[in-house]
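Chemist: missing the sequence, but the structure's below:
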């Protein structure tokens, strides 16, 4: 009994000595948020559709905390790009242009406001809303999820749909580059589905 008690005392003494010798380990400051790249970019080749002119008249982030895009290992936040409006602008314009469309951004006033009159009556008017984004780690993987809502209209044509992107990739070192890559690929998956629907509307209008 006394031998067992003495062993416990020695273990506790060793742990206390370790904490005193390395106070930075015992009271480590939390890591700063991981901030993602400021522009959306294509990570893999994209199929071009037989697109048409579109006018983006609304571009809105409906999330409650736009500055947050995820969490790494449950302890480190993933922050959105410093210029969030520019990032969302690049998703809409660059993402749809490379997929075969001719986008024009025509927002009135502040971000997300809708002009009273369409900028181009011959183009589809697009209302694009970011519903959710979440990047995180799960085991040895990093996972991404995004939901975009698009409403498109021209004349008697009207279409509203939600488009989801979901990606699971191996997590190597949890760097800014890896999570920016994850965000871009996840958004691209949602844009691909959106572009398929838009291409069908363009074909019907021609």
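Modeler: That came through fine. Note that this is a predicted model, so its numbers are computed, not measured.

Chemist: list the contacts for residue 123?
Modeler: Contacts of residue 123 were listed using C-beta atoms under 8 Å, 6 or more residues apart in numbering, and they are 52-55, 102, 104, 154. C-beta here means a position set from N, CA and C on the backbone, and glycine is covered the same way.

Chemist: most neighbours among the residues you listed, please name it.
Modeler: residue 54 (25 neighbours; other C-beta atoms under 10 Å).

Chemist: right, and it touches residue 105 too?
Modeler: No. Using C-beta atoms under 8 Å, residue 54 is not in contact with residue 105; the gap is 10.0 Å.

Chemist: export the contacts of residue 123 to a markdown table and tack on pLDDT, secondary structure and distance to residue 34?
Modeler: Output for the contacts of residue 123, formatted as a markdown table (pLDDT from 0 to 100; DSSP: H, G, I helix; E, B strand; the rest coil; distance: C-beta to C-beta, whole Å):
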| residue | pLDDT | secondary structure | distance to residue 34 |
| --- | --- | --- | --- |
| 52 | 95 | coil | 38 |
| 53 | 95 | strand | 38 |
| 54 | 96 | strand | 33 |
| 55 | 95 | strand | 35 |
| 102 | 95 | strand | 35 |
| 104 | 94 | strand | 34 |
| 154 | 92 | strand | 41 |
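
Chemist: nearest to residue 130 among these?
Modeler: Lowest distance from residue 130 to these (C-beta to C-beta) belongs to residue 54, with 17.3 Å.

Chemist: could you measure from residue 188 over to residue 157?
Modeler: Here the criterion is C-beta to C-beta, to the nearest Å. By it, residue 188 lies 25 Å from residue 157.

Chemist: who's more crowded, these two?
Modeler: The neighbour count for residue 188 versus residue 157, taken as other C-beta under 10 Å, is higher for residue 188 (23 against 12).

Chemist: what pLDDT does the model give that one?
Modeler: Model confidence at residue 188, given as pLDDT, is 98.

Chemist: again with residue 205
Modeler: In this model, residue 205 carries a pLDDT of 75.

Chemist: need the contact list for it.
Modeler: Counting by C-beta under 8 Å, 6+ apart, residue 205 makes contact with 52, 124, 154-155, 157.

Chemist: just say helix, strand or coil for residue 192.
Modeler: Here residue 192 takes the helix state, with states given by DSSP: H, G, I helix; E, B strand; the rest coil.

Chemist: ok, it to residue 98 distance?
Modeler: Using C-beta to C-beta, residue 192 is found at 11 Å from residue 98.

Chemist: with that, I have no additional questions.
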